[in-house]
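# can you look at this prediction? I've put the sequence above it.
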Amino acid sequence: MKKITFGTDGWRGLIADDFTYQNVGICGWSIASYIKESLINERGVIVGYDTRFGSKEFAIQISNIFLSVGIDTYLVTEPTPTPVITSEVISRGCDMGIIITASHNDWKWNGIKLRNSEGLSLDKEELNLIEKKSNARSKDEIIKLYSGKLKGLLTEISPKDGYLELIRSKLPISEIRKSDIRILNDNMYGTTLGYLESLLDDSNSSIIVDSINNYINPNFPDIIRPEPIKINLKKISEKMKKEKYEVGFAFDADGDRLGIIDENGKVLETYEIFLLLLYYMFEINGKRDAVARSLSVSHTIDTLSANYNVPVLETPIGFKYLSKFLNQKKVMFAGEESGGFGSDQFPDRDGIINSIYILDLIRQTGLSISKILDEIKTLVGDRCFVRKDIDFDINRRKEINNNIMNIKPKEIYNFGLSYSTDIDGIKHVYNDGSWFLVRISGTENVVRIYCESKQEEITELILNKVIKLIT
């Protein structure tokens, strides 16, 4: 059996290789053991799943494990976005949410995400405990300890309506419905099917919501993987250009990430989406509370926030670090480079809710996405941000990590160092605002390089030198 390893947001594995019924069962027994040993409330768990191959069957398998050791289980009746499961965990007061999903990975992968009773990703210590149980304790031992005559109660649920009602109660849905915005939606064959339509498109509304890739297909045809980034959004971009929609939205397979396409068919960078959302919070909602970002995010976030005298906190990569700040009301908005954003109203990252923020921004400004970005860029200036992912053989992981740790910033760019941090990989920030970050992915055999500067030539110079040194 391959070792079960939890990364920044759960465990992922190749279907039929390491993500098998046997290993999912071992992981399920370990989670059950953790719940019985560490969570004394016993308020039940929610089990959800996405549209991937076998996700429903894996969810049923894990549900049966929980039931056999006396854990009440709520099992969703259809593929459901991760943020909807998070919302349901909170509203029902459950101990945990378990979602069978590999998020934005390609069709060959599946995985397990976990959410605690507050809707947050589990701490590293908690994940380490489950991971240790998965790789040490036998199924028979757990059955002997916790399986008895009293079985858990199974309840099948459909949390969509409750989630949509929550959004209607907190966001200006009725006002947005009165607008005549034309929206094109790319659901990427995932769990967000029908959500925006249910919220916005009814007989009394002048708004238009059209969708593509709007059915379940676990092969995710015509896209490399269900991640809302430029390489996967050619189809929606072309349709935007031809048919004159005002905004396009794209969601990853489990609905927690958002991509945006402007009225000209241009796919926005994730930092541009972050800027739009912050501008909405600052300019439209008048908020001035602190903001948090992952350390891989463009520093234009800091520049925009400084215009409104708002402090910015920097965290390691992984939305669990950001959601803690949101849940504790230490910040009012937070975002990561991979397209996940959350607010103090909704502390888990949520593509659907963030698309509503953008629609309200368009409605209240009366401007197109490109025009709003033009206004923002008069405040933040021009920046060139690049991310480069490099695959490597698993046997080189230690070597690559040593190369990263031994990088000398003066060898890359000799402009004087502002600060360095090793809270997640290695990041060096220079006095002219240029910076680079190098880290190994927590879920894949990939080294990620992030680089930003005011000039494209400097960004390319730094990027190429970093690649040469680490590979």
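Ah, there it is. Note that the structure is a prediction, hence the values are computed from the model and not measured.
# burial of Trp109, as a residue count?
Using other C-beta atoms under 10 Å, Trp109 has 22 neighbouring residues. Where you see a C-beta, it was placed from the backbone N, CA and C, and this is true even at glycine.
# ok, then the element right after whichever strand or helix holds Leu277?
Element membership for Leu277, per DSSP states H and E: helix 270-279. Going down the chain from helix 270-279, the next helix or strand is strand 291-294, by DSSP H and E.
# quick one: average pLDDT of the helix holding Leu277?
Averaged over helix 270-279, pLDDT sits at 97.
# list the helices and strands that helix packs on?
Packing partners of helix 270-279 (3 or more C-beta pairs under 8 Å, 6 or more residues apart in numbering; DSSP states H and E): strand 258-261, helix 300-307, strand 333-335, strand 341-343, helix 351-365, helix 369-380.
# phi, psi for Leu75 please.
Phi and psi for Leu75, reported as degrees, to the nearest 10, are phi -110, psi 130.
# tell me the contacts of it?
Going by C-beta atoms under 8 Å, 6 or more residues apart in numbering, Leu75 touches 46-47, 59-60, 63, 154-157.
# could the residues you listed be laid out in JSON lines, adding neighbour count?
Supplementary listing: those in JSON lines, determined by neighbours: other C-beta atoms under 10 Å:
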{"residue": "Ile46", "neighbour count": "26"}
{"residue": "Val47", "neighbour count": "27"}
{"residue": "Ala59", "neighbour count": "26"}
{"residue": "Ile60", "neighbour count": "15"}
{"residue": "Ser63", "neighbour count": "23"}
{"residue": "Leu154", "neighbour count": "15"}
{"residue": "Thr155", "neighbour count": "12"}
{"residue": "Glu156", "neighbour count": "10"}
{"residue": "Ile157", "neighbour count": "16"}
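# which ones among those map onto strands?
Mapping the contacts of Leu75 onto strands (DSSP state E) picks out 46-47, 154-157.
# closest to Leu145 out of the contacts of Leu75?
The closest of those to Leu145 turns out to be Ser63 (C-beta to C-beta; 19.5 Å).
# what distance do you get for that closest one to Pro79?
Separation of Ser63 from Pro79 (C-beta to C-beta, to the nearest Å): 15 Å.
# point out where the stretch 351-471 of the chain drops to low pLDDT.
Residue ranges of the stretch 351-471 of the chain with pLDDT under 70: 442-443.
# now the stretch 101-250 of the chain
For the stretch 101-250 of the chain, the stretches with pLDDT under 70 are 136-139, 147-149.
# so which residues of it form helices?
Taking DSSP state H, counting those that start in this stretch as the criterion, the stretch 101-250 of the chain contains helices spanning 124-136, 139-146, 160-170, 173-177, 195-200, 234-243.
# buried stuff in the fourth one?
By 16 or more other C-beta atoms under 10 Å, the buried positions in helix 173-177 come out as 173, 176-177.
# mind putting those into TSV with distance to Val291?
Compiled in TSV, these are given as follows (distance: C-beta to C-beta, whole Å):
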residue	distance to Val291
Ile173	25
Ile176	24
Arg177	29
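# relative to helix 369-380, how tilted is the helix holding Leu277?
80 degrees (axes from the mean of the first three to the mean of the last three C-alpha atoms, to 10 degrees).
# with just CA atoms, put helix 270-279 into CSV.
This file holds the C-alpha atoms of helix 270-279, laid out as CSV (Å, rounded to 0.1, in the frame of the first residue of the first chain):
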residue,chain,number,x,y,z
THR,A,270,-6.1,35.5,-10.5
TYR,A,271,-4.5,38.6,-8.9
GLU,A,272,-6.8,40.8,-11.2
ILE,A,273,-9.8,38.9,-9.8
PHE,A,274,-8.5,39.6,-6.3
LEU,A,275,-8.1,43.3,-7.1
LEU,A,276,-11.7,43.5,-8.4
LEU,A,277,-13.1,41.8,-5.3
LEU,A,278,-11.0,44.1,-3.0
TYR,A,279,-12.1,47.2,-5.0
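# other residues contacting that helix?
Applying C-beta under 8 Å, 6+ apart, the contact partners of helix 270-279 are 229, 258-260, 268, 291, 293, 297-298, 300-301, 304-305, 333, 335, 337-339, 341, 354, 357-358, 361, 369, 372-373, 375-376, 380, 385.
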